[in-house]
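Student: Kindly generate the corresponding structure for this input.
(2 chains)
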Amino acid sequence: MRVGVLALQGDFREHLQAVERLGARGVEVRRPWDLEGVERLIIPGGESTAISLLLRESGLDEELRRLGRAGLPLFGTCAGLILLAREVLGEDRVAPLGLIDITVRRNAYGRQIESFEEDLEVKGLGPTPLRAVFIRAPKIVAFGPRVEVLAYQDGLPVLAREGKVLVSSFHPELTGDLRLHRYFLGL
Amino acid sequence: MERGTFRVKSGLAEMLKGGVIMDVTNAEQARIAEAAGAVAVMALERVPADIRAAGGVARMADPQKIKEIQEAVSIPVMAKCRIGHFVEAQILEALGVDYIDESEVLTPADPWHHIDKWRFKVPFVCGCRDLGEAARRLAEGAAMLRTKGEAGTGNVIEAVRHMRLINKQVREVCHMPEEELVEFAKEIGAPLAVLQLIAETGRLPVVNFAAGGIATPADAAMMMQLGADGVFVGSGIFKSSDPEKRARAIVQAVTYYNDPQKLAEVSTGLGEPMKGIPIEAIPQEQLLQTR
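Tutor: Residues are numbered from 1 along each chain as shown, chains lettered A, B, ... in the order given. Next comes the predicted model:
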């Protein structure tokens, strides 16, 4: 399976390593034509303002909207969640792709000193908790009826899915636990 | 919920990879940097080229300045403290800066020690010229590294020297038998445990950016091709004739660092770069990298 990882900026290398450890072939995506033959795509953590700008300048934004609407499975972590959202509250510095019906707020937990890690119970991943690393993380402040929440932290959704689009406000790529990536490859 | 773990600290640096961190001295410059695609800004009183020109003692920026920049942008805001000045670092942590650069660009405050960075929840980035220096900073708790280069010169040669040397030494360490590792640790002044970790994993345990003298998109792309995880640009942007355009071009150059066609395109018509200084023209005692 060819799994694309958006490689404009951010921790794309960790996602590539995760999918390759699961036996898939990782493909770095920087231009629209890199998407050829890609069966799934991951948008990594990074700075959503920078990635948003580079998406626009490369023409990848339009191509991703088209493929996303056509059913390409997508997984966004942290900045990736922001970029896949329908709406980013109070923010004109990021133009989200609108591929999952969630409204998000950037940096909603505060500055870096408020960043944290915690064990989460995740629906569908079995009894072993998932270590989740939240770094200047966004919050999902509202979601549509077709969105299924797979994990909560302190009563707020932090892992959600709508059809074949999966988003997490934390970084599964930083812990070496491959269960969420395996879940995504199975969508 | 655990805050300030090493994974959380070094994790932010992981998110900055493939990006450009720009020096800014006011809110307007910070907004220009963010709009150009910077992944973070470094809030400063003066850019290194001006610090060099001004002389005197260079200290942490006025908190007012840092707050003004924090309010202007949504990307991480870093700030510099003097080497060893743990109270400046405490103040920067209290201000909520996202990363502290314990920087040789400012006048050192302690003749013997760097800051014990394990005591802080806020992460630190430190400069290094070789693996020994990198390993010492890691042992003190740095969660991100950068080359020292020679700040404020617009001259990339020192950053190239430091990046090449560190990567060469990492390669050497990875192929060394244990007994040679002990001797090598002594030779380069590195804590053995840090070298053992590098030998075991085959890489530095944290992100390593290029810094110190990067002035053009070509400089930035060269540092990326030499193995930098990302790039700091200090004086190079706001000391050039068209900062906005140059900032955008350097951001593109770091993403498409392996694409000469694209690099040719973004390098075109940027106006005058900062003037720059040959390293030989700087008296030995005025070099920042030896601090």
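
Student: Could you see whether chain B lies near stretch A:177-186?
Tutor: No: residues of stretch A:177-186 are not located near chain B by CB under 8 Å from any CB of the partner chain, the shortest gap being 12.3 Å. In short, each C-beta sits where N, CA and C put it, glycine included.

Student: what comes up buried for that stretch?
Tutor: A:177-178, A:180-185 (16 or more other CB atoms under 10 Å in any protein chain shown).

Student: what's that stretch in contact with?
Tutor: A:1, A:3, A:15, A:18-19, A:21-22, A:24, A:40, A:42, A:73, A:75, A:122, A:124-126, A:130-131, A:159, A:166, A:168, A:172-173 (CB atoms under 8 Å, 6 or more residues apart in numbering or on different chains).

Student: now with 10 Å?
Tutor: A:1, A:3, A:15, A:17-19, A:21-24, A:39-40, A:42, A:73-75, A:77, A:122, A:124-126, A:128-132, A:150-151, A:159, A:161, A:164, A:166, A:168, A:170, A:172-173 (CB atoms under 10 Å, 6 or more residues apart in numbering or on different chains).

Student: could you pull out the strands for chain A?
Tutor: In chain A, the strands defined using DSSP state E lie at A:2-6, A:25-29, A:40-43, A:74-77, A:85-88, A:100-105, A:116-120, A:130-134, A:139-143, A:148-153, A:156-162, A:165-168.

Student: what residue lies at the spatial centre of the chain?
Tutor: Just going to use chain A. Nearest to the mean C-alpha position of chain A, by CA atoms, centre = their mean, lies residue A:76 at 1.0 Å.

Student: thinking again about what came up before, with pLDDT as extra columns, can I get the buried residues of stretch A:177-186 in TSV?
Tutor: What follows is the buried residues of stretch A:177-186, written out as TSV (pLDDT from 0 to 100):
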residue	pLDDT
A:177	97
A:178	97
A:180	98
A:181	98
A:182	97
A:183	97
A:184	98
A:185	97
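
Student: Closest one of those to chain B?
Tutor: Ranked by distance to chain B (CB to the nearest CB), the buried residues of stretch A:177-186 are led by residue A:177 at 12.3 Å.

Student: Can you give me the neighbour number for the residue lying closest to residue B:5 once chain neighbours are set aside?
Tutor: In this structure, residue B:5 finds its nearest non-sequential neighbour in residue A:117, 5.8 Å apart by CB to CB, 6 or more residues apart in numbering or on different chains. With neighbours defined by other CB atoms under 10 Å in any protein chain shown, the count for residue A:117 comes to 22.

Student: just checking, residue A:117 touches residue A:172?
Tutor: No: contact criterion CB atoms under 10 Å: residue A:117 and residue A:172 do not qualify, at 11.7 Å.

Student: now residue B:10, nearest residue through space, not along the chain?
Tutor: residue B:143 (4.2 Å).

Student: The residue in the stretch 51-200 of chain B positioned nearest to chain A and residue B:71: what is the separation?
Tutor: In the stretch 51-200 of chain B, the residue that lies nearest chain A is residue B:98 (3.9 Å; CB to the nearest CB). Distance of residue B:98 to residue B:71, computed by CB to CB, to the nearest Å: 14 Å.

Student: more crowded one of those two?
Tutor: When residue B:98 and residue B:71 are compared for neighbours, residue B:98 comes out ahead with 24 against 10, by other CB under 10 Å.

Student: Mean confidence (pLDDT) on the helix or strand harbouring residue B:81, please.
Tutor: Assessed by DSSP states H and E, residue B:81 sits inside strand B:77-82. Averaging pLDDT along strand B:77-82 gives 98.

Student: starting at the chain centroid, how far to that strand?
Tutor: Offset of strand B:77-82 from its chain centre (CA atoms, centre = their mean, to the nearest Å): 11 Å.

Student: before we move on, what about stretch A:133-144?
Tutor: That offset, for stretch A:133-144, works out to 11 Å (CA atoms, centre = their mean).

Student: That stretch near chain B at all?
Tutor: Yes: using CB under 10 Å from any CB of the partner chain as the criterion, contacts between stretch A:133-144 and chain B involve A:133-136.

Student: can you pick the most crowded of these?
Tutor: residue A:135 (28 neighbours).

Student: What about residue B:284, how many residues nearby?
Tutor: A total of 6 residues lie near residue B:284 under the criterion other CB under 10 Å.

Student: rewinding a little: among the buried residues of stretch A:177-186, which are located in helices?
Tutor: A:180-185 (DSSP state H).

Student: a markdown table for the residues you listed, including distance to residue B:153?
Tutor: Converted to a markdown table, those look like this (distance: CB to CB, whole Å):
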| residue | distance to residue B:153 |
| --- | --- |
| A:180 | 45 |
| A:181 | 44 |
| A:182 | 49 |
| A:183 | 50 |
| A:184 | 46 |
| A:185 | 48 |
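
Student: Which pair of these spans the longest distance?
Tutor: Pairwise distances across those peak at 9.9 Å for A:180 and A:185 (criterion: CB to CB).

Student: quick one: contacts for residue B:121?
Tutor: So residue B:121 contacts A:112-115, B:3-5, B:8-9, B:93 (CB under 10 Å, 6+ apart).

Student: Pick out the most distant pair among these.
Tutor: Top of the distance list for those (CB to CB): B:5 and B:93, 15.7 Å.

Student: Identify the contacts common to residue B:98 and residue B:71.
Tutor: Joint contacts of residue B:98 and residue B:71 (CB under 10 Å, 6+ apart) are residue B:77.

Student: okay, now residue A:69: neighbour count?
Tutor: 11.

Student: got the contact list for the spatially closest residue to it that is not a sequence neighbour?
Tutor: Nearest non-adjacent residue to residue A:69, counting by CB to CB, 6+ apart: residue A:99, 7.4 Å away. Shown in contact with residue A:99 (CB under 10 Å, 6+ apart): A:43, A:64-65, A:67-69, A:72, A:74, A:76, A:83-86, A:162-165, A:167.

Student: I am finished for the moment; much appreciated.
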